[in-house]
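*Asks:* How does the following fold in three dimensions:
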Amino acid sequence: MAEGTYGGARAVHEGILRRQSARESAARTYARALPIVPVRARGLTIEGADGRRYLDCLSGAGTLALGHNHPVVLEAIRRVLDSGAPLSVLDLATPVKDAFITELFRTLPPGLADRARVQFCGPAGTDAVEAAFKLVRAATGRTGMLAFTGAYHGMTSGALAASGGAGDVRVARLPYPQDYRCPFGVGGPRGAELAARWTESLLDDPKSGVPLPAGMILEPVQGEGGVVPAPDDWLRRMRQITADRSVPLIADEIQTGVGRTGAFWGVGHSGVTPDVMVLSKAIGGSLPLAVVVYRDDLDVWQPGAHAGTFRGNQLAMAAGTATLAHVRENGLAERAAALGSRMMSRLRELQAEFPCVGDVRGRGLMIGVELVDPEGQEAGPDEGPSSGDHPAATNGLEATRTPRPAAPELAAAVQRECLHRGLIVELGGRHDSVVRLLPPLTISDEQAAAVMDRLADAVAAAARHQEDSGRRQRQHDGPAQSTG
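*Replies:* Have a look, this model is predicted:
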């Protein structure tokens with residue numbers, strides 16, 4: 001790009017960002033950490049108004065299963081536009097909707113598809129969560145809900161109440177098993193077993209303070225919670241626990257669905273069939289769409305019990321049908337499993353090289369890298385033992401690796417270094433210390449290698465800067481003075 005052209009493009013870029021800062025809400029999030037102005041995009045690649053190109057591993061927070069502007073999605077949208085069909089029809093039946101439901105039901109877990117009902121909601125996933133809560137409350141006559149620490153289910157009031165950051169708690173919270181920051185300081189199968197026993201005790205103890213709930217909601221992989229996959233055996237236990245007590249199990253597949261984790265739906269890894277599934281993001285093929293799918297015996301709603309003006313978005317249904325079919329027909333879930341495994345192997349090599357990489361985890365193309373302070377020690381009963389790196393006995397239970405303190409500033413530095421290198425990543429986790437990768441399922445091997453190279457370079461640069469800063473701080477402080 002010629003210097004004059006670049007200067008003009010840069011001025012446009014900066015002007016748009018300046019006006020955004022002056023006019024948009026203080027609640028904006030992604031724009032703060034990612035000061036780019038996308039103007040063109042295809043597949044994994046975004047081009048900014050300043051002419052820079054980026055590899056996009058945010059993918060609309062997992063919305064873009066096929067990446068930006070995939071040809072099959074664009075063609076599906078054009079067909080509807082060219083046909084003269086109405087674009088929004090409330091909940092009327094249309095050929096476009098019929099095709100979407102048919103394709104969706106083709107992908108559902110065995111045991112649900114044959115007796116499923118579907119409710120189209122407002123266009124955001126959080127509305128599907130609200131609808132699911134209303135559904136199970138109406139079906140059971142109960143009101144309480146069970147959810148898990150670290151959960152994220154949306155930004156409306158009911159969904160927020162079931163998320164990990166809830167301030168006004170109206171939902172009973174259960175421990176979600178994980179290895180690196182196990183709530184019991186154990187990790188592994190033993191930690192998952194303790195989490196399951198806690199759930200059983202809470203439900204069966206008449207003095208637990210938690211009456212039998214209307215439902216349980218969980219994510220097969222916690223996304224915003226830091227990319228924490230649910231152990232398969234634990235998920236099967238949750239299914240058995242809820243079934244034995246006639247508590248509907250709600251699987252939040254808003255981010256894990258449509259091949260993201262290496263199975264078409266995240267629950268597929270464990271073979272679990274939930275009673276209710278809440279779906280959004282990728283099912284709209286990049287356009288807003290959200291639905292609840294549930295067992296027919298739960299369908300006790302009266303007409304109008306849940307509605308929404310934009311639940312008849314025909315363009316989103318057409319784009320969604322094309323996306324679902326393309327993922328299914330081309331084995332993209334299986335490819336996500338294989339490629340994700342290779343990417344995580346490369347990241348574990350990075351973990352071995354840099355002590356600030358505390359943990360690498362994920363499933364398929366839903367990957368998290370947790371940044372930590374390698375010199376620090378964790379404090380608090382829920383952060384695991386603090387006696388060093390080797391397994392230690394804790395009340396007769398074997399402890400796993402000692403987690404180091406989360407390093408959100410280092411994670412933010414890695415994100416900035418990634419952006420400098422043309423790589424877009426997201427942060428998540430309890431302390432915003434987890435670098436998250438959500439590339440499209442269509443990412444090529446060459447592109448995956450480029451992502452890994454840029455991320456590794458960014459981690460090295462951020463770690464080097466952290467070490468230099470620490471060295472300068474120690475030199476400034478000087479030797480410790482004896483106080484006699």
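*Asks:* Tally up the residues packed near residue 342, please.
*Replies:* Using other C-beta atoms under 10 Å, residue 342 is surrounded by 13 other residues. Every residue, glycine included, has its C-beta placed from N, CA and C.
*Asks:* quick one, what contacts the closest residue to it other than its chain neighbours?
*Replies:* Distances taken as C-beta to C-beta, 6 or more residues apart in numbering put residue 448 closest to residue 342, at 7.4 Å, once the chain neighbours are dropped. Contact analysis of residue 448 by C-beta atoms under 8 Å, 6 or more residues apart in numbering lists 339, 342, 343, 439.
*Asks:* buried stuff in the helix or strand harbouring residue 448?
*Replies:* Taking DSSP states H and E as the criterion, residue 448 maps to helix 445-477. For helix 445-477, the neighbour count (16 or more other C-beta atoms under 10 Å) marks 447-448, 450-452, 454-456, 458-459, 461-463, 466 as buried.
*Asks:* what would these look like in CSV with distance to residue 320 and pLDDT?
*Replies:* Output for the buried residues of helix 445-477, formatted as CSV (distance: C-beta to C-beta, whole Å; pLDDT from 0 to 100):
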residue, distance to residue 320, pLDDT
447, 24, 98
448, 26, 98
450, 29, 98
451, 26, 98
452, 30, 98
454, 31, 98
455, 30, 98
456, 35, 98
458, 34, 98
459, 36, 97
461, 40, 96
462, 38, 95
463, 41, 93
466, 43, 81
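*Asks:* Residue 182: which of those is nearest?
*Replies:* residue 459 (24.7 Å; C-beta to C-beta).
*Asks:* Residue 284 contacts residue 316, doesn't it?
*Replies:* Yes. Counting by C-beta atoms under 8 Å, residue 284 sits close enough to residue 316 to count as a contact (4.1 Å).
*Asks:* what comes up buried for the helix or strand harbouring residue 39?
*Replies:* Using DSSP H and E, residue 39 sits within strand 38-42. Neighbour counts over strand 38-42 (16+ other C-beta under 10 Å) mark residue 41 as buried.
*Asks:* just stretch 326-338 next, same as before
*Replies:* 326, 327, 328, 332, 333, 335, 336, 337.
*Asks:* So which of those residues are in helices?
*Replies:* Under the assignment DSSP state H, the buried residues of stretch 326-338 contribute 326, 327, 328, 332, 333, 335, 336, 337 to helices.
*Asks:* Show the low-confidence segments of the chain, by residue range.
*Replies:* Counting by pLDDT under 70, the chain has low-confidence residues at 1-6, 155-170, 378-401, 470-484.
*Asks:* Which stretches in it count as helices?
*Replies:* Under DSSP H, the chain gives helices at 3-23, 30-33, 59-62, 71-83, 95-107, 125-140, 157-161, 188-204, 232-244, 314-329, 332-353, 408-420, 445-477.
*Asks:* who are the neighbours in contact with residue 348?
*Replies:* Applying C-beta under 8 Å, 6+ apart to residue 348 gives the contacts residue 360.
*Asks:* Could you report the distance from it to residue 189?
*Replies:* In this structure, residue 348 and residue 189 are 20 Å apart, going by C-beta to C-beta, to the nearest Å.
*Asks:* Check residue 198 too.
*Replies:* As judged by C-beta to C-beta, residue 198 and residue 189 stand 15 Å apart.
*Asks:* ok, now residue 431?
*Replies:* 26 Å.
*Asks:* okay, these two: which has more neighbours?
*Replies:* Higher neighbour count among residue 431 and residue 189: residue 431, with 17 against 13, using other C-beta under 10 Å.
*Asks:* is it true that residue 113 touches residue 105?
*Replies:* Yes. Counting by C-beta under 8 Å, residue 105 is a contact partner of residue 113 at 4.9 Å.
*Asks:* Show me what stretch 328-338 is in contact with.
*Replies:* Under C-beta under 8 Å, 6+ apart, the answer for stretch 328-338 is 65, 103, 106-107, 259-264, 326-327, 364-365, 441-442.
*Asks:* My error: substitute stretch 76-87 in the last question.
*Replies:* Identification of contacts with stretch 76-87 by C-beta under 8 Å, 6+ apart yields 94, 95, 96, 285, 287, 313, 314, 315, 318, 319, 321, 322.
*Asks:* Give the burial count for the second one, as a bare number.
*Replies:* To tie it back to what came earlier, the one meant is residue 95. Residue 95: 13 neighbours (other C-beta under 10 Å).
*Asks:* Contact partners for the closest residue to residue 216 other than its chain neighbours?
*Replies:* What sits nearest to residue 216 in space, not counting adjacent residues and going by C-beta to C-beta, 6+ apart, is residue 146, at 4.1 Å. Going by C-beta under 8 Å, 6+ apart, residue 146 touches 171, 172, 174, 199, 210, 213, 215, 216, 217, 247.
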